[in-house]
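1. Sequence unavailable; structure follows:
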């Protein structure tokens, strides 16, 4: 791999850290979720689903380029594709984990609230 290809691969990998949906858009539940205050956290699975889709796309691209016998800079392209897929997969994992925690906190809060008489 040439020095220029390494620089490009590192730049793309660095930029990918700024583009993961779950890290930006998923709000975890507060630590003191049992306080009775309304929770402001994310239950939508859309951000981690987008991250999952992007991870799968990059894995597919890496497999395609790796199998292409005429691809130039194959090693760099496969490496960057797998690096990006890893970042998006980590972001998706974070998103699914935090949205599950939010739903659990909301459910726990609902069961802890006193019921109004009918």
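-> Ah, there it is. Just so we're clear, the structure is a prediction, and the values are computed from it rather than from any experiment.
2. Pull the contacting residues for residue 74.
-> 65-66, 68 (Cβ atoms under 8 Å, 6 or more residues apart in numbering). For glycine as for every other residue, the C-beta is placed from the backbone atoms N, C-alpha and C.
3. Please tabulate those in CSV, including the columns neighbour count and pLDDT.
-> Output for those, formatted as CSV (neighbours: other Cβ atoms under 10 Å; pLDDT from 0 to 100):
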residue, neighbour count, pLDDT
65, 18, 89
66, 14, 89
68, 12, 86
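4. which one of the residues you listed is nearest residue 77?
-> Nearest to residue 77 among the contacts of residue 74: residue 65, at 4.6 Å, using Cβ to Cβ.
5. so for the helix or strand residue 107 falls within, what's the average pLDDT?
-> In this structure, residue 107 is located in helix 74-112 according to DSSP states H and E. What helix 74-112 shows for mean pLDDT is 91.
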